[in-house]
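>>> make a model of this:
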Amino acid sequence: MRSSTVPLALAALLADLVCVLAFVVIGRTDHGTGTALAEIARTAWPFAAGTVLGWVVTLAWTAPARVWPTGVFVWAVTVAGGMALRVFLGEGAPLSFVIVTSLFLAATMLGWRAVALLVTKRRQGGT
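Model prediction:
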């Protein structure tokens, strides 16, 4: 990885992790299950681990802001990995939770990439 792409890749990874954190904080607040740091970390870590796994298996740092294929595959691995870890740990993954998680993380993880693409096109004078 070129040193000029390192800041972009780190910012993109952080953006994905912020999406996971936002999902957890909003969900825990909405359900009244507490927002203490330890509780948030306990809920977030399977999805954060899924995000990191997604970055590794997709080599996301090579094109971190691309919606396709980078964003889609990082999102898919984040959801699948997070759910697999939840099930393995006995937390469960009811269908409604899988759907809400998938939709929220798709909207945010793919959404920031779509916005970045639009901003980049505008700066380059594209349509």
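
>>> which pLDDT value goes with the closest residue to W61 other than its chain neighbours?
Spatial nearest neighbour of W61, chain neighbours left out: A9 (4.0 Å); criterion: CB to CB, 6 or more residues apart in numbering. Every residue, glycine included, has its C-beta placed from N, CA and C. With respect to pLDDT, A9 has a value of 96.

>>> same question for A116.
Confidence score, pLDDT, at A116: 95.

>>> measure the residue nearest to the spatial centre of the chain to Q124 for me?
The chain has D16 as the residue nearest its centroid, 3.8 Å off, counting by CA atoms, centre = their mean. As judged by CB to CB, to the nearest Å, D16 and Q124 stand 24 Å apart.

>>> next one: T33
45 Å.

>>> which stretches in the protein count as helices?
6-31, 37-58, 72-88, 95-105, 111-123 (DSSP state H).

>>> let me know which of those is tucked in deepest.
Highest mean neighbour count of these: helix 72-88, a mean of 20 (counted as mean count of other CB atoms under 10 Å).

>>> pLDDT (mean, whole number) over it?
For helix 72-88, the mean pLDDT works out to 98.

>>> show me the contact partners of that helix.
Residues from elsewhere that reach helix 72-88, judged by CB atoms under 8 Å, 6 or more residues apart in numbering: 16, 20, 46-47, 49-51, 53-55, 57-58, 60, 92-93, 98, 101-102, 105-106, 109-110.

>>> now it: how far from the chain's centre is it?
Helix 72-88 has its C-alpha centroid displaced from the chain centroid by 10 Å (CA atoms, centre = their mean, to the nearest Å).

>>> before we move on, what about stretch 22-34?
On CA atoms, centre = their mean, the centre of stretch 22-34 falls 16 Å from the chain's centre.
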